[in-house]
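Colleague: got a structure for you, letters missing:
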């Protein structure tokens, strides 16, 4: 069944990276449902269903030769997901796939606390010599940021978790560790997999001296990762981008994110790989940062918070 769903993801690897990444982790997860609508080998749509729901392929993609799912299939997916969705879960993914299944879920009485229907899906550029080098030509004073960007290590995990919780609270309005240890385990997994990138400073926006204090100045994660069967490289979805509040507006975030793009290509998806992310359309500072780095919009995500 996963083979058919991965073929569905491969029709649009950037839009499909979220589901493909979950499918890659499925054998080691203790819970979660992989859902194929229609024939397993050539599904009409699919989803990952846990306390949250990530649908893909529900809407037709005529240009890609994909007919989409029937209204009965979408309703069946909603009925299945409704039993698993929990408070503080979400329904998220390409907007054209979220819309039909959320319509069914809402009709079944599932309530949302916030609906974000316009989250631009952006792809990083491929400048010669790397993105960080291109940015540092304008931001030479922030060279220390690029130099200190690295994949977090196990001893740094408590600091990474603290920064991750701060990012999560600012983005979603609650502390994810209040409901158990799942979020901390997720952060630990990201660190162990070399997929959580950080810049550590002295707590005041300067490179820390040996033996001196260290604080997380910036962090970003590779939230989803896969290598499509056809293509010149992998696809990585960056999530959890966060710059410490006292360093915002100083170029730290732009230099650090540029260095993350280069590191992800070097360590995960290859030189020709695709690095993408999505952002709320009302987040003007973040949109300005990504635009300044040369990110280009290729689609739209939506997130319904429960």
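Modeller: Structure's in. What do you need? Because the structure is predicted, anything quoted here is derived from the model rather than measured.
Colleague: how does the chain divide into domains?
Modeller: 2-111, 122-300 (automatic domain parsing).
Colleague: quick one, helices of the protein?
Modeller: Under the criterion DSSP state H, the chain carries helices at the ranges 2-10, 13-25, 71-82, 95-107, 131-136, 143-148, 157-172, 182-192, 252-264, 284-293.
Colleague: can you put the ones you listed in JSON lines and add mean neighbour count and distance to residue 59?
Modeller: In short, each C-beta sits where N, CA and C put it, glycine included. As requested, those are arranged in JSON lines below (neighbours: other Cβ atoms under 10 Å; distance: least, Cβ to Cβ, whole Å):
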{"stretch": "helix 2-10", "mean neighbour count": "19", "distance to residue 59": "12"}
{"stretch": "helix 13-25", "mean neighbour count": "22", "distance to residue 59": "11"}
{"stretch": "helix 71-82", "mean neighbour count": "18", "distance to residue 59": "10"}
{"stretch": "helix 95-107", "mean neighbour count": "20", "distance to residue 59": "4"}
{"stretch": "helix 131-136", "mean neighbour count": "21", "distance to residue 59": "32"}
{"stretch": "helix 143-148", "mean neighbour count": "19", "distance to residue 59": "40"}
{"stretch": "helix 157-172", "mean neighbour count": "17", "distance to residue 59": "26"}
{"stretch": "helix 182-192", "mean neighbour count": "17", "distance to residue 59": "29"}
{"stretch": "helix 252-264", "mean neighbour count": "26", "distance to residue 59": "29"}
{"stretch": "helix 284-293", "mean neighbour count": "16", "distance to residue 59": "25"}
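Colleague: picking that back up, relative to residue 306, which of the domains of the chain is closest?
Modeller: Proximity of these to residue 306 was assessed by Cβ to Cβ; the nearest stretch is domain 2-111, lying at 4.7 Å.
Colleague: any idea how far that closest one is from the chain center?
Modeller: Taking Cα atoms, centre = their mean, to the nearest Å, one finds the center of domain 2-111 at 16 Å from the center of the full chain.
Colleague: Let's see the distance spanning that domain from one end to the other.
Modeller: Start and end residues of domain 2-111 are separated by 30 Å (Cα to Cα, to the nearest Å).
Colleague: Now for the residue lying closest to residue 35 once chain neighbours are set aside, how many residues are close by?
Modeller: Here the nearest residue to residue 35 in space, its sequence neighbours aside, is residue 47; by Cβ to Cβ, 6 or more residues apart in numbering that works out to 4.4 Å. Counted with other Cβ atoms under 10 Å, the neighbours of residue 47 add up to 28.
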